[in-house]
Structure formats: C-alpha cells, structure tokens
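Participant: missing the sequence, but the structure's below:
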Ligand code: NAD
C-alpha cells in the first residue's frame, strides 16, 4: 500500500520537491493563502496518514498521536519541538525529528536585531519620523542605551541564558560590540567554565550583572517561567530582556508589570506565552519591541528547514534512522519494533 505523508501547512516548494521524489503519497493541507488547518482537520488527516510533518506552530498533543495506531513518525518543521508531546510519541514507539543548525544564524540575527532595535528604540523612532511628528531640533530625542562601549568607553555585559547553537551564534555577534559575555546553562556548566572569552554565572548572578539578557534555551518543564517576578527584580533598572526562545520561558504577566514599573528598561520579544495573543497591556508599553515569531523567517532558511524536515520524513518512510531524531531511544524500544513490524 502507498505510504502517506501529511503536511498540514504551506511548505516551501524546495521541501515539497524532496517529498515528491520519495514516491510516498504526499498530502498538503492548507488554505489557498497558506492558512493553517484547524486541529480538527489535522486530527482527521492523521487518521489516514503514516508520517506527519507539522510546523512548530502547530500543537500535536497526546490525543492526536494516539489516534492512529499505525503512525510511523513525526517530522517537525522547527528546531524547538515543545509543540509535540514527545513523551507520548516515545512511549508509543514513534520517532520525532526536528530541524537544527540550518536556522541558527538567522535566528541569532533576529535576536541581535532585537537587541539593537530595543536599545535604540528604532521602531518607535521610525513611526515618529514617518508619521510627520518629527519637527526638527527640540522634539522627542528617543534617547537610547549603548550596546557598544559608548562615549564613556565602558563595555556592556551580555548575559546569555542557554548556550547552545543559537546562544553561541549570538555571542559571536556581540564580539564586534566589545561586550563582556556571561553565560548560564546548567547542562553545559563544566564545558563553559573551560571556554575562553565567556564567563559562567549562576542565573541570579547573571541577572544582577547583565545590561542585556538574552534567552536561548529550549522550552522544557525546567525552563517554563525561568524568568518570573523574582528574576526580573534582580535585573538592573537599565537592563533589557530579549526573548527569541519560547514565550512560556518568561512569565509574561510579571514582565508587563516589571516594564510598567520601570524595574527593567525594555524588552524585545519574538515569542509569547499564548501566541498569537499578547498579555494584557503588553502592546501598550512604549519600552517594548514586539515581533510576530519570525526568528527563522528568511526564504533561504525556511527553505532549508523544509528540506531537512522532508529528509527526516523520507528517512522514516524508508525505515532508516532519520538524521535529526530527538527521541533516539525510541529506535531500540519494543513499541517501535512492533510498529515497524506492521509496516
Ligand atoms: P540548542 O539545543 O542548541 O540549545 C539550547 C541550550 O539550552 C542548550 O545548550 C541547553 O543545554 C540549554 N539549556 C537546557 N536547559 C536549560 C536551563 N534550564 N537553563 C538554561 N539553559 C538550558 O538549541 P538551539 O538550536 O540553540 O535553539 C534554542 C531554542 O530557540 C529552540 O529550542 C527554540 O525553542 C528556539 N528557537 C526560536 C526561534 C524563533 O523563531 N524565535 C527559531 C529557532 C529556535
């Protein structure tokens, strides 16, 4: 019987090409302008598919994964896979894959753009200029914060939370700005302590010392609300928080309150707790730069992510080990062997 791969979003052509060559039957499910299908539609589709290729913006909960006893794999389009109940997939013997590396530099670019835009109030100044409010000298000055050493020649401190691929790419961008870089990543503590050019800090110390705090950890049980009221209280009143990781890493309500009270100077966010909803009051603040989750959004990078997700799906389809499996242990499980025995 022909194997089916379900892609419930508007995948770039370059990724579709890889899937078409696999000889699987590929079903694309989305509206004419790329509108995403509802969860109900994905649920219906999953019943009649072998491999699901969702985007990281689509939630794939336990009930969806359990609905089809013959599901062979889930190939996520995205490096973060908190949208999928990986624990359930692993229990059932279903491999899950992601798309690391190809989006590292692009996402680091966006994090850096947020550092600069938030510190120098670029969107606010742009709106002021194009709306005709700029009347020359004597008007609003959009006084910002230095990223480089500034007139007093004092290096700024960049605090990186999560020193994986993207965190390290952000560190490289900071070099041109002569920043001191401090890092918190409990999993890599020993390794980081031996590195040159960065200093390890425990979380509270990093928050106390940094002029910019940038988040690059995955969303897990441990990192959910890693930054809440207590942590925001530790930050300097002239510090800026940047989040391009996942929204729930920050307690957004506590952040709005800290920004309103001037406990920190500003925030640059690409991700939110309940996307696409924003916490009440967030969009009314003047000291924020808010983006609609576009960290990896360049045509080149999204194309390469699509190719990688497609290659992972095709490997699963061919019964091979997919290149970017996130639940490696599944391959030795009796549940997986039982599942492939039914193919
Ligand atoms: P990565 O796995 O290379 O890095 C994550 C790092 O977080 C690791 O070094 C890990 O040790 C560290 N970590 C784990 N637990 C931690 C904790 N409790 N506290 C601090 N650090 C901890 O992943 P990556 O490729 O660098 O991507 C990081 C995340 O960025 C992804 O999981 C994804 O959620 C997010 N992301 C967002 C966008 C976007 O569009 N905004 C794009 C790409 C990635």
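Facilitator: Nice, I can see it. The model shown is predicted, which means the values in this text are computed figures rather than measured ones. Numbers count the residues shown, from 1 in each chain.
Participant: in this structure, what residue is nearest the ligand?
Facilitator: Nearest residue of the chain to the ligand, counting by CB to the nearest ligand atom: residue 164, 1.8 Å away. Using the backbone N, CA and C atoms, a C-beta is placed for each residue, glycine as well.
Participant: around the ligand, pick out the residues from the stretch 151-300 of the chain.
Facilitator: Contact residues (CB under 6 Å from any ligand atom) of the stretch 151-300 of the chain with the ligand: 161-167, 184-188, 216-219, 222-223, 244-246, 270-271, 293, 295-296.
Participant: just the ones of the residues you listed in helices?
Facilitator: When DSSP state H is applied, these are split such that 165, 166, 167 fall in helices.
Participant: and the residue nearest the centre of the chain, what are its phi and psi?
Facilitator: A centroid search over the chain (CA atoms, centre = their mean) returns residue 245, at 4.1 Å, as the residue closest to the centre. Per-residue torsions, residue 245: phi -90, psi -90 (degrees, to the nearest 10).
Participant: shouldn't it be in contact with residue 217?
Facilitator: Yes: counting by CB atoms under 8 Å, residue 245 does reach residue 217; the two are 5.8 Å apart.
Participant: can I assume residue 153 sits in a helix?
Facilitator: No: counting by DSSP: H, G, I helix; E, B strand; the rest coil, residue 153 is not found in a helix; it is coil.
Participant: ok, it to residue 178 distance?
Facilitator: 9 Å (CB to CB, to the nearest Å).
Participant: residue 274 now?
Facilitator: Applying CB to CB to residue 274 and residue 178 gives a distance of 38 Å.
Participant: compare the two (neighbour count), which wins?
Facilitator: Neighbours per residue, other CB atoms under 10 Å: of residue 274 and residue 178, the larger number sits with residue 178, 13 against 10.
Participant: ok, that one - contacts?
Facilitator: Each residue near residue 178 by CB atoms under 8 Å, 6 or more residues apart in numbering is listed here: 148, 149, 155.
Participant: how many residues are close by the first one?
Facilitator: It refers to residue 148. Residues near residue 148, counting by other CB under 10 Å, number 13.
Participant: likewise for the last one?
Facilitator: When neighbours are defined as other CB under 10 Å, residue 155 has 15 of them.
Participant: tell me the pLDDT of it.
Facilitator: Residue 155 carries a pLDDT value of 98.
Participant: now it. Its backbone dihedrals?
Facilitator: Here is the backbone geometry of residue 155 (degrees, to the nearest 10): phi -60, psi 140.
Participant: hmm, residue 149 and it touching each other?
Facilitator: Yes: if you go by CB under 8 Å, residue 155 and residue 149 touch, sitting 5.1 Å apart.
Participant: so what sits against both of residue 245 and residue 217?
Facilitator: 162, 223.
Participant: quick one on the thing from earlier: and the gap between the residue of the chain closest to the ligand and residue 101?
Facilitator: Separation of residue 164 from residue 101 (CB to CB) stands at 11 Å.
Participant: so which of the two has more stuff around it?
Facilitator: Using other CB under 10 Å as the criterion, residue 164 and residue 101 rank with residue 164 on top: 18 against 12.
Participant: check contacts around the closest residue to the more buried one other than its chain neighbours.
Facilitator: Nearest residue to residue 164 in three dimensions, chain neighbours excluded: residue 216, at 6.4 Å (CB to CB, 6 or more residues apart in numbering). Residue 216 sits next to 111, 160, 161, 162, 163, 164, 166, 167, 170, 244, 245 when contact means CB under 8 Å, 6+ apart.
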